[in-house]
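1. Next comes the sequence, and after it the predicted model I'd like to discuss.
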Amino acid sequence: MAEPDGCCRCCCGFILTLGLTTLFVWLSLRASKPTCSIQEFYVPALNRSSNSTYNTTIYLHVKLDNGNKDKGIYYDALNITLYYGQNRSLPIGNVTVKGFRQGQKKNADRREAVQMNRVSWDTATRKASNGTAVFRVDLQTAVRFRIIFWKTKRKKMMVSAVVDVNDHGTKVKKGITLKSGAPERLRYCRAPPWLLVVTAALFLLHLA
């Protein structure tokens with residue numbers, strides 16, 4: 001009677017070990033999306049100390065941080081759209097940044113000059129002189145993660161931020177993080193079940 005009990009304990013121990021190993025692998029393979037922030041936002045036309053009222057260019061510096069320790073990121077083209085005020089139905093300029101690969105725990109800086117149109121600069125200058133002129137930045141792209149030997153499917157990424165600009169033509173806040181309106185649980189990319197099982201099995205075989 002001792003043999004069936006020993007076999008049962010062995011099977012239970014194996015199942016428990018497999019479950020814990022799968023959980024560990026799942027946690028280690030989970031990837032989070034990069035953090036995007038606006039480091040610089042300069043509007044020469046709103047700078048009262050310079051004679052640049054006819055300069056309709058906005059200079060933009062966007063920083064992208066990959067906080068994953070052992071996962072690279074592949075970016076599709078970054079589509080950046082600018083708006084004046086909160087009206088998203090009337091874009092005033094856009095630019096497309098070429099896609100690229102980013103290593104783990106790395107950051108990337110992209111500096112762009114965006115030509116503006118359909119902006120009432122007299123109104124914007126008056127608002128900046130009395131406080132701040134408000135702009136909005138939308139960034140859209142798709143990302144894939146490199147996890148060990150496998151690339152994930154593309155995950156759409158849409159983030160945005162409001163930028164207040166003063167009468168020096170610069171943004172008021174230092175670093176502005178572009179945020180997504182999606183729930184937090186949708187901002188993560190997980191490895192597929194088959195990869196978890198294979199990795200867990202290889203790990204157990206290594207321990208055997």
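-> The structure has been received and is ready for your questions.
2. all strands in this structure, in order from the N-terminus.
-> 31-32, 35-47, 57-65, 72-75, 78-84, 91-97, 100-102, 107-115, 133-147, 150-151, 155-165, 168-170, 176-178, 188-189 (DSSP state E).
3. what's the closest of the ones you listed to Arg126?
-> Among these, strand 133-147 comes nearest to Arg126, with 8.7 Å by Cβ to Cβ. The way it works is simple: take the backbone N, C-alpha and C, and place the C-beta from them, glycine included.
4. could I have that closest one exported to CSV, CA atoms only?
-> Presented in CSV, the C-alpha positions along strand 133-147 are these (Å, rounded to 0.1, in the frame of the first residue of the first chain):
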residue,chain,number,x,y,z
ALA,A,133,-1.4,78.5,-24.9
VAL,A,134,-2.5,74.9,-24.9
PHE,A,135,-1.3,72.3,-27.4
ARG,A,136,-1.9,68.5,-27.6
VAL,A,137,0.5,65.8,-28.8
ASP,A,138,-0.8,62.4,-30.0
LEU,A,139,1.6,59.5,-30.7
GLN,A,140,0.6,56.3,-32.4
THR,A,141,2.7,53.3,-33.3
ALA,A,142,2.8,49.5,-32.9
VAL,A,143,5.5,47.6,-31.0
ARG,A,144,6.8,44.0,-30.9
PHE,A,145,8.9,42.6,-28.1
ARG,A,146,11.9,40.3,-28.4
ILE,A,147,11.6,37.6,-25.7
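5. Considering only helices and strands, which part of this protein has the lowest mean pLDDT?
-> In the chain, the helix or strand scored least confidently by mean pLDDT, DSSP states H and E is strand 188-189, which has a mean of 48.
6. Next one: the residue sitting nearest the centre point of the chain from Gln140, what distance?
-> Central residue of the chain (Cα atoms, centre = their mean): Pro34, 3.6 Å from the mean position. Per Cβ to Cβ, to the nearest Å, Pro34 is found 14 Å from Gln140.
7. How about the contacts made by Leu139?
-> Counting by Cβ atoms under 8 Å, 6 or more residues apart in numbering, Leu139 makes contact with 36, 62, 78-80, 157-160, 178.
8. what about 6 Å?
-> 36, 80, 159, 178 (Cβ atoms under 6 Å, 6 or more residues apart in numbering).
9. Take the residues you listed and lay them out in TSV including pLDDT.
-> TSV is the format used below for the contacts of Leu139 (pLDDT from 0 to 100):
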residue	pLDDT
Cys36	97
Ile80	98
Val159	97
Leu178	97
